[in-house]
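Undergrad: give me coordinates for this.
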Amino acid sequence: MNRRTLLKSATLAAAMAAVSTSQTSLGATRSPKRIIVIGAGIAGLAAASQLAGRGHQVTVLEARTRLGGRLWTSQAWADAPVDLGASWIHEMDGNPLTALAEEAGARLITTSYDSVIDYDVNGRPLSAARAARLATLKDEYQWAIDQGQRHSIDRSLRNTIESELDWASLSNADQELLAFITNSTAEQEYAGSRNDLSTYWFDSLGGYDGDDAVFAEGYQTLINFLARGLNIQLGQTVSAIDSSTSTVKVTTNSGTFSADRVIVSVPLGVLKKGTIRFTPALPSKKTTAINKLGMGHFNKCYLRFPTQFWPQQDWLEYIPPQSQHGQWSQWLNLGRLTGQPVLLGFNAGDFGRQIEAWSDAQIVASAMARLRLIFGQQIPDPVSVQITRWSQDPFSYGAYSFNKLGAKPAMRDDLAAPIGNRLFFAGEATHKNMFATVHGALLSGRRAATQAQA
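TA: Purely as a prediction, here's the structure:
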């Protein structure tokens, strides 16, 4: 079981329909085109791989000095590769990533959200009574969302929960549990603050079934597989795209490239920042989508210790006081997954953004204060750490997209819409139903490739 299952509402048939319209077409084209793909994340590489397989002349321009975009496997620990970006295949059964991983020969390890220990505000395992209350409040939380989605006006997720459940009448203990549920099932999943997430549309609608899994050697296994044989130029920061002439011109820090068609697969955060100048200007529907959709904050803190002092469960959850909402409430035990004594702490939404301004030492001190509350003052300091700051990254400006209050799902279709059969758009933010997922990014790349070769 996984957290997405709690709120998943789409059918598998709808998801499979999305796959069937995006599969790689086979056979060489009779009219090869020059096509530039901007971005070597999984969306861009999926598009480029499909197009190159059809015989088109494809060039991938990537601003970074590495492949993968928001898929980034760190090899800093030779005996324990870790993903600094996305980690999971969510719901493996029927997921196109599962088939691709098998084709790539990648080794997958399943994780389960049923393998969990919850700790109370004092760092003690939840009592049986408190655990029962948590289960009851999860049902009430879902009821509140159902009511909110029937409301005549969309509200923030926080507003909905607090209004529908008569927040002022609840005990502080129940408020703590509900705030934790909101963080663990919504903020941690979609990277948006509970103050910003749309009640109507916060949850991705497309999904599959089955377990979640991580890559034993990291997502880089899949990236390297997709990149085989492609013409990829690294260190190419795109500043302008001009489609006003007979060929599309792409300007980078090293010169100008020309093509018949261009696929733009940069993250939503980059489009929001306006670092790429489009000529002619983007249509108003597309700019509205860029402005109204949210770009989330989600960061990881890997702590490697001399020995493992925590239990064997996959997940360790801490229910913080309301004054520390969402702070170090989610931990993943990587001992079973890597064979090494590593804990991974997640922070999303407001706190995920806040700590990006902190030094590594400050972040580690904050994390260790939480762990020592739970496991005691005697636990050792970490011997090594790896910390992300995705919202400061100039080639992403955030972790992944979410449906912000005021945004509507149709805006993702507007973001994805081709312009004049010359410019095409891909990336997780362009998938109406499967945004904020790697499989959504993969399918968007295949969709853009199919459009570009038409």
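Undergrad: surely residue 80 touches residue 334?
TA: Yes - between residue 80 and residue 334 there is a contact at 7.3 Å, judged by Cβ atoms under 8 Å. For every residue, glycine as well, the C-beta is placed using N, CA and C.
Undergrad: neighbour count: those two, which is higher?
TA: For residue 80 versus residue 334, neighbours defined as other Cβ atoms under 10 Å are more numerous around residue 334 (23 against 19).
Undergrad: and residue 147, which of the three is it?
TA: When classified by DSSP: H, G, I helix; E, B strand; the rest coil, residue 147 comes out as helix.
Undergrad: who touches both of residue 80 and residue 334?
TA: Residues touching both residue 80 and residue 334 (Cβ atoms under 8 Å, 6 or more residues apart in numbering) are 340, 342.
Undergrad: after the helix or strand of the chain with the lowest mean pLDDT, next one along is what?
TA: In the chain, no helix or strand scores lower on mean pLDDT, DSSP states H and E than helix 12-20, which sits at a mean of 37. Next along the chain after helix 12-20, taking DSSP states H and E as the criterion, comes strand 34-38.
Undergrad: which stretches of the protein have low pLDDT?
TA: Applying pLDDT under 70 to the chain flags residues 1-27, 30, 206.
Undergrad: can we see that at 90?
TA: Within the chain, the segments meeting pLDDT under 90 span 1-31, 204-207, 454.
Undergrad: okay, stretch 336-351 in CSV with CA atoms only?
TA: What follows is stretch 336-351, C-alpha atoms only, in CSV (Å, rounded to 0.1, in the frame of the first residue of the first chain):
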residue,chain,number,x,y,z
ARG,A,336,17.0,-2.5,4.0
LEU,A,337,17.2,-0.8,0.6
THR,A,338,20.9,0.0,0.5
GLY,A,339,22.4,-2.3,3.2
GLN,A,340,23.9,0.7,4.8
PRO,A,341,22.9,2.7,7.9
VAL,A,342,21.2,5.6,6.2
LEU,A,343,18.0,7.5,7.1
LEU,A,344,16.3,9.8,4.7
GLY,A,345,14.2,12.8,6.0
PHE,A,346,11.7,14.5,3.8
ASN,A,347,10.4,18.1,4.1
ALA,A,348,7.7,19.6,1.8
GLY,A,349,5.7,22.7,1.4
ASP,A,350,6.4,25.7,3.6
PHE,A,351,9.1,24.1,5.8
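Undergrad: mind listing what's buried along it?
TA: Buried residues in stretch 336-351, counting neighbours by 16 or more other Cβ atoms under 10 Å, are found at 337-338, 341-351.
Undergrad: make CSV out of these and add distance to residue 143 and secondary structure.
TA: Below are those laid out as CSV (distance: Cβ to Cβ, whole Å; DSSP: H, G, I helix; E, B strand; the rest coil):
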residue, distance to residue 143, secondary structure
337, 35, helix
338, 39, helix
341, 41, coil
342, 38, strand
343, 34, strand
344, 32, strand
345, 31, strand
346, 27, strand
347, 28, strand
348, 24, strand
349, 23, helix
350, 25, helix
351, 27, helix
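Undergrad: and those, which is closest to residue 371?
TA: Nearest to residue 371 out of these is residue 343 (Cβ to Cβ; 7.4 Å).
Undergrad: you'd agree the closest one is up against residue 330?
TA: No - here residue 343 does not reach residue 330: they are 10.9 Å apart, not a contact under Cβ under 8 Å.
Undergrad: residues in contact with the closest residue to residue 448 other than its chain neighbours?
TA: Nearest non-adjacent residue to residue 448, counting by Cβ to Cβ, 6 or more residues apart in numbering: residue 426, 4.0 Å away. With Cβ under 8 Å, 6+ apart as the criterion, the residues that contact residue 426 are 39, 43-44, 46-47, 263-265, 416, 441, 444-445, 447-448.
Undergrad: go through the residues you listed and name the one nearest residue 183.
TA: residue 441 (24.4 Å).
Undergrad: helix/strand/coil for that closest one?
TA: Three-state assignment for residue 441 (three-state DSSP): helix.
Undergrad: tell me the contacts of the nearest residue to residue 267 once chain neighbours are set aside?
TA: Of all residues not flanking residue 267 in the chain, residue 396 sits nearest, at 4.6 Å (Cβ to Cβ, 6+ apart). Shown in contact with residue 396 (Cβ under 8 Å, 6+ apart): 69-70, 267, 269-270, 390.
Undergrad: swap in 6 Å and give it another go.
TA: Contacts for residue 396 (Cβ atoms under 6 Å, 6 or more residues apart in numbering) come out as 70, 267, 269, 390.
Undergrad: need the residues you listed in JSON lines with secondary structure, distance to residue 107 and neighbour count, can you?
TA: Shown next, in JSON lines, are the contacts of residue 396 (DSSP: H, G, I helix; E, B strand; the rest coil; distance: Cβ to Cβ, whole Å; neighbours: other Cβ atoms under 10 Å):
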{"residue": "70", "secondary structure": "coil", "distance to residue 107": "22", "neighbour count": "26"}
{"residue": "267", "secondary structure": "coil", "distance to residue 107": "28", "neighbour count": "27"}
{"residue": "269", "secondary structure": "helix", "distance to residue 107": "31", "neighbour count": "25"}
{"residue": "390", "secondary structure": "helix", "distance to residue 107": "26", "neighbour count": "27"}
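Undergrad: which one among the residues you listed gets closest to residue 61?
TA: Distances from residue 61 to those, taken by Cβ to Cβ, are shortest for residue 267, at 14.7 Å.
Undergrad: all strands for the stretch 1-150 of the chain, in order.
TA: Taking DSSP state E, counting those that start in this stretch as the test, the strands found in the stretch 1-150 of the chain are 34-38, 57-61, 73-74, 82-83, 88-89, 108-111, 116-119.
Undergrad: dump stretch 60-72 to PDB, restricted to CA.
TA: Only the C-alpha atoms of stretch 60-72 are listed here, as PDB (Å, rounded to 0.1, in the frame of the first residue of the first chain):
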ATOM      1  CA  VAL A  60      19.000  17.100 -27.100                       C
ATOM      2  CA  LEU A  61      20.200  20.300 -25.400                       C
ATOM      3  CA  GLU A  62      20.700  20.100 -21.600                       C
ATOM      4  CA  ALA A  63      21.700  23.000 -19.400                       C
ATOM      5  CA  ARG A  64      23.200  20.800 -16.700                       C
ATOM      6  CA  THR A  65      26.500  18.900 -16.900                       C
ATOM      7  CA  ARG A  66      24.700  15.700 -16.300                       C
ATOM      8  CA  LEU A  67      21.700  13.800 -17.600                       C
ATOM      9  CA  GLY A  68      18.400  13.200 -15.800                       C
ATOM     10  CA  GLY A  69      17.100  16.600 -14.700                       C
ATOM     11  CA  ARG A  70      15.100  16.000 -11.600                       C
ATOM     12  CA  LEU A  71      16.100  12.400 -11.700                       C
ATOM     13  CA  TRP A  72      19.600  12.500 -10.100                       C
END
